[in-house]
Structure formats: structure tokens, C-alpha cells
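K.L.:
What follows is a predicted protein model with its sequence.
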Amino acid sequence: MGSDHFSMPTRANTPAILWLVGLTCVPEIFLTLAEAGLGDASGLRRWALLHGAFWNGLLSDWQQLYPLQREAMFMTYALLHGGLMHLIGNMIVVLALGGIVVARIGQQGFLLLYLFSAIGGGLGFALLSNSEAPMVGASGAVFGLLGAWKFWEWQLRVHTGRDMRPLWRSLIGLALLNLVLWLALSGLLAWEAHLGGFIAGAVFAAIVTPNLRYRV
């Protein structure tokens, strides 16, 4: 998957990225419009959360609302958001990094990375959080794109013998950003999903692009 030669790609959008962003935007836009009075919003968001959010309780003794909900929530949670600003923030990053990922591993690779990272985000939340509150958002998948990007940057720096300090500074910056957001949101940030998605994205990139030559 991908080419044997690599140069830093442009951030051009592709159909896979736009379709993914469009699909992800539909639920939150629909719920927001309904809540604004353009439809019957009675219980809609609650219904969406009950059926699509990530619930740690389902991994223990909670009853499923439909068959395979326990498995499906590792993906469906990434289609729901806590509001328009939450959605917009995530989609901006997808649009910013999507072109880099597609240029590296293709449209199919981009979609597989996104899915793998979303699942990784769910696993991170399941393993590291004991919260019984619902977890939603594409942040796990978004951090997976970041994880893959940072793996490729590490690859490039190793290959060219460049200084690793800028890479470490950027990783520390991501950690500090999560800390600031966690404090600003009074602990409601699902940093566990961010970490799980980031690791999943880096692992995916390491598997599909283990040894490549670069044009620099």
C-alpha cells in the first residue's frame, strides 16, 4: 500500500475525505437543526446517544438495546458529537491531514486508517476510563491521523538523520493541549480515546509503510 518513494504531499482533498466528512457531519447537523426548532427534537439526541455513543457499561453487565451494539459502538461513537463546535474542530483536522494521508497510502488506506483509529480510540477509552457517561466524537480517529503523520515524520527524520527534537516538541505540545482542554472542560475530555487513537494510527502506519525510501 503506497509508493516506494515519498515526498511531503500537498493537502488536496479527495472524494474519500469529502465523503467521510459529509457522512460524519450529517448526524450532528440534523440534531442541531431539530433542536433549533426545524423538526421534532423531543428525545432525538438522547436516542442517538443511547444507540450510538460509547458506553463502558456495555462492556460489563449493561443490557444491549440491539444486537451487536457492544461491538458497533466502537465505530458509531465517532459519528456523534457534543455540538457543532465539537464537530467542526474535528473535521478541520480531518481536512487538514487527510490529503497527506491519502497521498501516502491512498484513499482506501485513509479510510482504513480512520476506521482502525476510531476502534483504537474506543479501546483506549475502554481500558483507561471507568466513566459511565457516554463518549462521542471523531477525536479518536482524528488523533489516529496525527499518530500516522507523526510516525511518518519520525521515519523521515531517521532516514535523513535530522534532529528529533522538533518531533518530540510537537508530541509534548499535543500532550499539553490535551491537558489544557481537560482542565477547560472540567475533566470531560476523553483523553483516553485520543491516546488510543494516536497509538492505533502510529501502529497502522508502521504496518503499512514499514520501510520506504524518500525523496527530499
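P.N.:
That came through, no problem. Please read all numbers here as calculations on a predicted model, not as lab measurements.

K.L.:
chain center to stretch 170-189, what's the gap?
P.N.:
Relative to its chain's centre, stretch 170-189 lies at 16 Å (C-alpha atoms, centre = their mean, to the nearest Å).

K.L.:
what does it contact?
P.N.:
A133, L146, K150, E153, W191, H194, F198 (C-beta atoms under 8 Å, 6 or more residues apart in numbering). All C-beta spots, glycine's among them, are computed from the backbone N, C-alpha and C.

K.L.:
Can you select the buried ones among those residues for me in PyMOL?
P.N.:
Buried subset of the contacts of stretch 170-189, written as a PyMOL selection, criterion 16 or more other C-beta atoms under 10 Å:
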select buried, resi 146+150+153+191+194+198
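
K.L.:
mind putting the contacts of stretch 170-189 in JSON lines, secondary structure and pLDDT included?
P.N.:
Converted to JSON lines, the contacts of stretch 170-189 look like this (DSSP: H, G, I helix; E, B strand; the rest coil; pLDDT from 0 to 100):
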{"residue": "A133", "secondary structure": "coil", "pLDDT": "94"}
{"residue": "L146", "secondary structure": "helix", "pLDDT": "97"}
{"residue": "K150", "secondary structure": "helix", "pLDDT": "97"}
{"residue": "E153", "secondary structure": "helix", "pLDDT": "94"}
{"residue": "W191", "secondary structure": "helix", "pLDDT": "96"}
{"residue": "H194", "secondary structure": "helix", "pLDDT": "98"}
{"residue": "F198", "secondary structure": "helix", "pLDDT": "98"}
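
K.L.:
Quick one: the contacts of stretch 170-189 as JSON lines, columns for distance to G109 too.
P.N.:
Shown next, in JSON lines, are those (distance: C-beta to C-beta, whole Å):
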{"residue": "A133", "distance to G109": "33"}
{"residue": "L146", "distance to G109": "16"}
{"residue": "K150", "distance to G109": "17"}
{"residue": "E153", "distance to G109": "17"}
{"residue": "W191", "distance to G109": "27"}
{"residue": "H194", "distance to G109": "22"}
{"residue": "F198", "distance to G109": "18"}
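
K.L.:
ok, the contacts of stretch 170-189 vs P166, which is closest?
P.N.:
E153 (8.5 Å; C-beta to C-beta).

K.L.:
which residues does the closest one contact?
P.N.:
L167, S170.

K.L.:
Tell me how far it lies from G140.
P.N.:
20 Å (C-beta to C-beta, to the nearest Å).

K.L.:
farthest-separated two in the contacts of stretch 170-189?
P.N.:
It's A133 and E153 that sit farthest apart of the contacts of stretch 170-189, by C-beta to C-beta, at 34.3 Å.

K.L.:
residues of stretch 59-72 that come out buried?
P.N.:
Q69.

K.L.:
correction: stretch 181-199
P.N.:
Those would be L189, A190, W191, E192, A193, H194, L195, G196, G197, F198, I199, for stretch 181-199 by 16+ other C-beta under 10 Å.
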